[in-house]
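Colleague: Show me how the following folds:
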Amino acid sequence: MSKKIILLAGPTASGKSKLAISLAKKLNGEIINADSMQIFKEFKTLSSRPSSRDTKKIKHHLYGVISVKKYFSAGDWLKKAKKKINFCLRRKKVPIVVGGTGLYFNTITKGISKIPDIDLKTRNKVRNLYRKIGFKKFYNLLVKLDPKIKGKILPTDSQRLQRAYEVKLKTKKSIFDWFLNTKSDFLDFEIKKIFVDIPREELLRKISNRTDLMIKKKCINEVKKFNKLKIKKSLSANKLIGVQEINDFLSKSISLEQCKNLINIKTRQYAKRQNTWARGHMKNWNMIYSKNFSNLLKKTLKVVS
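Modeller: Numbering: from 1, shown residues only. Okay, here's the model as predicted:
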């Protein structure tokens, strides 16, 4: 049996999970999560994790396995994903890696640089500086510290800016110097790469329907429980779409209808960023879509066969 991996990406709400389950049934596969928010234990509804019914049909891995209290990087994900991929292959199962976090897919297709761990003191120092001076001044400071980032990281890309700053501060080397010798750990694997390229109008409709469903499924209670944990603001779980909006609703700053509208707007913006990422980083992926699900499945099977 060849060492085949299927990578299935696409914007949020594009129907990746449903497609992955049908694909797994056809190919004797198992599903591995590549979504940075579905990794968290505490958010099932708000992160749109697969339902219990779905996980009973097909074995799912790396969903709800990390506490929101923990820092979790793309490198941490890759270590776990490699173990799960090999676990599937040993049992003659096809690993189907599914999600919307482009950086996770990059760690498989392009590898990850061997940057030393950044200590918490340095990380907090950089985070506090960013919050204090704002993204424009922070970007200008970073360009002086590391001129190689100019034109390679957007001034508005807060996560990558802070990462580049902490790496330069700690290692005295540009993050792009660390990237130079990076290569994939999966060079001897057969990797099939699919991106669900759903039309914009169809995607907006699905996003709106999903938001309504999440509110009905009591995602507000998830946020109430999350608030009680009092986690650090710098941790990525705080960035999950819906947390801020639901908290504004709970504090009576906005109505439930306004809350839903804001969640929809933010989700649309996120989907647009995912599509932009795909155009820049997934040029050699198979871009597929069909409104008819059976046709979509046929197209996908044709790519992976």
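Colleague: Mind listing what's buried along the worst-scoring helix or strand of the chain on mean pLDDT?
Modeller: When each helix and strand of the chain is scored by mean pLDDT, DSSP states H and E, helix 175-179 comes last, with a mean of 90. Buried positions in helix 175-179, judged by neighbour count with 16 or more other CB atoms under 10 Å: Ile175, Phe176, Asp177, Trp178. No exception for glycine: its C-beta is placed from N, CA and C like everyone else's.
Colleague: any idea which of these is closest to Glu30?
Modeller: The closest of the buried residues of helix 175-179 to Glu30 turns out to be Trp178 (CB to CB; 32.7 Å).
Colleague: Distance-wise, check the closest one relative to Gly75.
Modeller: 12 Å (CB to CB, to the nearest Å).
Colleague: contacts for stretch 247-258?
Modeller: Outside stretch 247-258, the residues that touch it by CB atoms under 8 Å, 6 or more residues apart in numbering are Ile215, Ile220, Val223, Lys224, Asn227, Glu245, Cys259, Leu262.
Colleague: I'd like the buried residues of helix 175-179 laid out as a markdown table, including distance to Lys80.
Modeller: Formatted as a markdown table, the buried residues of helix 175-179 follow (distance: CB to CB, whole Å):
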| residue | distance to Lys80 |
| --- | --- |
| Ile175 | 23 |
| Phe176 | 26 |
| Asp177 | 27 |
| Trp178 | 22 |
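Colleague: hey, where'd the helices end up in the stretch 101-250 of the chain?
Modeller: Along the stretch 101-250 of the chain, counting by DSSP state H, counting those that start in this stretch, helices occupy 102-109, 120-145, 158-171, 175-179, 200-216, 219-229, 243-250.
Colleague: What is the distance between the second one and the centre of its chain?
Modeller: On the basis of CA atoms, centre = their mean, to the nearest Å, helix 120-145 is displaced by 24 Å from the centre of the chain it belongs to.
Colleague: What are the buried residues along it?
Modeller: Arg123, Val126, Arg127, Tyr130, Phe138, Tyr139, Leu142.
Colleague: any idea of the angle that helix forms with helix 158-171?
Modeller: 100 degrees (axes from the mean of the first three to the mean of the last three CA atoms, to 10 degrees).
Colleague: Give the other helices and strands that helix 120-145 contacts.
Modeller: helix 158-171 (3 or more CB pairs under 8 Å, 6 or more residues apart in numbering; DSSP states H and E).
Colleague: likewise the shortest one?
Modeller: Judged by 3+ CB pairs under 8 Å, 6+ apart, helix 175-179 is in contact with helix 158-171.
Colleague: Return the helix it packs on as PDB; C-alpha atoms alone will do.
Modeller: The C-alpha atoms that make up helix 158-171 are tabulated as PDB, following Å, rounded to 0.1, in the frame of the first residue of the first chain:
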ATOM      1  CA  SER A 158      -0.600  40.600  14.000                       C
ATOM      2  CA  GLN A 159       0.300  36.900  14.600                       C
ATOM      3  CA  ARG A 160       3.100  36.700  12.100                       C
ATOM      4  CA  LEU A 161       4.500  40.100  13.100                       C
ATOM      5  CA  GLN A 162       4.700  39.100  16.700                       C
ATOM      6  CA  ARG A 163       6.200  35.800  15.800                       C
ATOM      7  CA  ALA A 164       8.900  37.400  13.600                       C
ATOM      8  CA  TYR A 165       9.700  39.900  16.400                       C
ATOM      9  CA  GLU A 166      10.100  37.300  19.100                       C
ATOM     10  CA  VAL A 167      12.200  35.100  16.900                       C
ATOM     11  CA  LYS A 168      14.600  37.900  16.000                       C
ATOM     12  CA  LEU A 169      14.700  39.000  19.600                       C
ATOM     13  CA  LYS A 170      15.500  35.600  20.900                       C
ATOM     14  CA  THR A 171      17.700  34.000  18.200                       C
END
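Colleague: List the contacts of it.
Modeller: Outside helix 158-171, the residues touching it (CB under 8 Å, 6+ apart) are 115-116, 118-119, 122-123, 125-127, 129-130, 135, 138-139, 141-142, 145-146, 149, 153-155, 173-175, 178.
Colleague: how about a cut-off of 6 Å?
Modeller: Ile115, Ile118, Thr122, Arg123, Val126, Tyr130, Leu142, Leu145, Asp146, Ile149, Ile153, Ile175 (CB atoms under 6 Å, 6 or more residues apart in numbering).
Colleague: same thing with stretch 212-222?
Modeller: Here stretch 212-222 has contacts from Phe43, Thr45, Leu46, Ile246, using CB under 6 Å, 6+ apart.
Colleague: Check whether the last one really touches Lys225, as I assumed.
Modeller: No - between Ile246 and Lys225 no contact is recorded; they are 11.5 Å apart, counting by CB atoms under 6 Å.
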